[in-house]
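Asks: Have a look at this prediction, sequence included:
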Number of protein chains: 2
Amino acid sequence: MAYRETEKMRLRKAETRQRILDCALQLVMEGGFRNAQVSQVARRAEIATGTIYRHFTAKEELFAEVFRTATRREVTKVGESLAEAGSVIERLEQALRQFAARALNRPMMAWALIAEPVDPKVEAERLTYRKAYAELFEQAIREGMNEGCLPPQDAVCSSTCLVGALAESLVGPLSPVQGSTDETSHTSNTETLVNGIVRFCLQGLTGTGR
Amino acid sequence: MAYRETEKMRLRKAETRQRILDCALQLVMEGGFRNAQVSQVARRAEIATGTIYRHFTAKEELFAEVFRTATRREVTKVGESLAEAGSVIERLEQALRQFAARALNRPMMAWALIAEPVDPKVEAERLTYRKAYAELFEQAIREGMNEGCLPPQDAVCSSTCLVGALAESLVGPLSPVQGSTDETSHTSNTETLVNGIVRFCLQGLTGTGR
């Protein structure tokens, strides 16, 4: 009987923890990390603020986990694009286009993940995940060199250049401060931007104009 | 007499403020922002910790100013490289090489300015300055398109790609955690890295292999 009670409590605790994470993620998606104060997460999750600290030792720990969850999803998507059928160049192009399109379709979330000034603990997660992206691209670049469709190059350097170019060129357009609010021109701007990024990156890798 | 006294105090105050900034900058150069605690700045400047708060309303304000001072210097260097004699391509290459070389010669300082997880207030300065770099490169790219040595392209997009590629590819090697500590291979690694960055960026802009 005592055991069952404990099991039930454990489950409820896990559920509460998950609800806290879900609500925090929602708030970040709506307004970035600056919008996701612990008190607001508590209100959204319909629990007391103090309860959050029974599940996360500190605010930074909660938001670092939110960051990891959301970013892991994006890293997985890039990995999937790169693992599809087609030539290395086609797959690289596809991965770049999808990453940029996903970011531009959910600009607040992407801004929060890519560029929003955040707590150093969350920023440290960001560096780790940018390395994860780079490693995926690095693998594809090595494949391309082996197959002969990419010229010999330092795959580590090229992959980090690529991740940097992708992230940085999205920062401006995604920024709630710098970004255009002109809705009518959004679609064409988005297309021009994505084409510009893809072009720069593929030219950077191949040395061939397009 | 009263006026003179006030003037003297004003000067002394300005001197103390400058000493605080100089000492904070030294500490950042030695060990990044994480090494520059207010108490350590005070010790280095030989003043009481409380005195710092008479000159800067908060710790973040002090470090944001340190960041601005150091970064402004780097932005100016890039501007100077781009304003020298030579073709646009030569000047772009020169600016990229100098930026990378300066960063790799003072890795801790560059890591602190480019990638160290920092307080959101300092991070906000970082975004502003990356925009400043991009605007310098954008101007050079426009010049290159006008002169016909660069193919037509979205200069804003290309310039942010370039800044991102440059910063991101330096992050790994500069990181006190990720960076190689193998001193003997430092020079050749540095050269390979800088060549890789320059190649990716110029190919990205020109679409011509090198």
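Replies: Great, that's in hand.
Asks: Just the pLDDT for the residue minimising distance to the centre of chain A.
Replies: For chain A, the residue nearest the mean C-alpha position is residue A:71 (3.8 Å; CA atoms, centre = their mean). On the pLDDT scale, residue A:71 is placed at 93.
Asks: And residue A:46, by the same measure?
Replies: For residue A:46, pLDDT reads 96.
Asks: Counting neighbours, what do you get for it?
Replies: By the criterion of other CB atoms under 10 Å in any protein chain shown, residue A:46 has 9 neighbours. In this view, the C-beta of every residue, glycine as well, is placed from N, C-alpha and C.
Asks: Angles on the backbone of it, please.
Replies: phi 60, psi 50 (degrees, to the nearest 10).
Asks: what about it, distance to residue A:19?
Replies: Counting by CB to CB, to the nearest Å, the gap from residue A:46 to residue A:19 is 8 Å.
Asks: What are the phi and psi values at residue A:47?
Replies: Backbone phi and psi, for residue A:47 under degrees, to the nearest 10, turn out to be phi -130, psi 170.
Asks: Could you check the longest helix seen in chain A and say which residues are buried?
Replies: Using DSSP state H, we find that the single longest helix of chain A is helix A:2-31. The neighbour-count check on helix A:2-31 (16 or more other CB atoms under 10 Å in any protein chain shown) flags A:16-17, A:19-21, A:23-29, A:31 as buried.
Asks: same check, this time on stretch A:198-210
Replies: A:198, A:199, A:200, A:201, A:202, A:203, A:204, A:205, A:206, A:207.
Asks: Okay, angle between whichever strand or helix holds the first one and helix B:186-206 too, please.
Replies: With elements taken from DSSP states H and E, the one containing residue A:198 is helix A:186-206. Our comparison of helix A:186-206 with helix B:186-206, counting by axes from the mean of the first three to the mean of the last three CA atoms, to 10 degrees, yields an angle of 130 degrees.
Asks: Tabulate the CA atom coordinates of helix A:186-206 in CSV.
Replies: Written as CSV, here are the backbone C-alpha positions of helix A:186-206 (Å, rounded to 0.1, in the frame of the first residue of the first chain):
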residue,chain,number,x,y,z
HIS,A,186,6.9,38.8,-45.9
THR,A,187,6.7,36.0,-48.4
SER,A,188,8.9,37.4,-51.1
ASN,A,189,11.4,38.6,-48.5
THR,A,190,11.5,35.2,-47.0
GLU,A,191,12.1,33.5,-50.4
THR,A,192,14.9,36.0,-51.3
LEU,A,193,16.5,35.5,-48.0
VAL,A,194,16.4,31.7,-48.1
ASN,A,195,17.8,31.8,-51.6
GLY,A,196,20.6,34.1,-50.6
ILE,A,197,21.6,32.0,-47.7
VAL,A,198,21.5,28.7,-49.7
ARG,A,199,23.5,30.4,-52.5
PHE,A,200,26.2,31.7,-50.2
CYS,A,201,26.6,28.5,-48.4
LEU,A,202,26.6,26.2,-51.4
GLN,A,203,29.0,28.5,-53.3
GLY,A,204,31.2,28.5,-50.2
LEU,A,205,31.3,24.8,-50.2
THR,A,206,31.5,24.1,-53.9
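Asks: which secondary structure elements does it contact?
Replies: On a contact count with 3 or more CB pairs under 8 Å, 6 or more residues apart in numbering or on different chains; DSSP states H and E, helix A:186-206 meets helix A:88-105, helix A:155-174, helix B:155-174, helix B:186-206.
Asks: low pLDDT regions in chain A?
Replies: Residue ranges of chain A with pLDDT under 70: A:1-4, A:177-188, A:210.
Asks: quick one, domains of it?
Replies: A:1-56, A:67-206 (automatic domain parsing).
Asks: so how far is the first one off the chain centroid?
Replies: Read that as domain A:1-56. Put simply, domain A:1-56 sits 22 Å off its chain's centre (CA atoms, centre = their mean, to the nearest Å).
Asks: can you count the residues close to residue A:101?
Replies: Residue A:101: 13 neighbours (other CB under 10 Å).
Asks: What distance do you get for it to residue A:110?
Replies: Per CB to CB, residue A:101 is found 10 Å from residue A:110.
Asks: Same question for residue A:10.
Replies: Distance of residue A:10 to residue A:110, computed by CB to CB: 35 Å.
Asks: Repeat that for residue A:134.
Replies: For residue A:134, the distance to residue A:110 - CB to CB - is 18 Å.
Asks: From the contact counts, what lies against the helix or strand harbouring residue A:67?
Replies: Element membership for residue A:67, per DSSP H and E: helix A:59-83. If contacts are counted by 3+ CB pairs under 8 Å, 6+ apart, helix A:59-83 sits against helix A:2-31, helix A:38-45, helix A:88-105, helix A:107-114, helix A:120-147.
Asks: Could you list every helix and strand in contact with the longest one?
Replies: Secondary structure elements in contact with helix A:2-31, counted by 3+ CB pairs under 8 Å, 6+ apart, are helix A:38-45, helix A:49-55, helix A:59-83, helix A:107-114.
Asks: let's see 6 Å
Replies: In this structure, helix A:2-31 makes packing contacts with helix A:38-45, helix A:49-55, helix A:59-83, judged by 3 or more CB pairs under 6 Å, 6 or more residues apart in numbering or on different chains; DSSP states H and E.
Asks: ok now do residue A:198, which residues does it touch?
Replies: By CB atoms under 6 Å, 6 or more residues apart in numbering or on different chains, the contact list for residue A:198 reads A:93, A:96.
Asks: ugh, typo on my part, it should be residue A:116
Replies: A:32, A:33.
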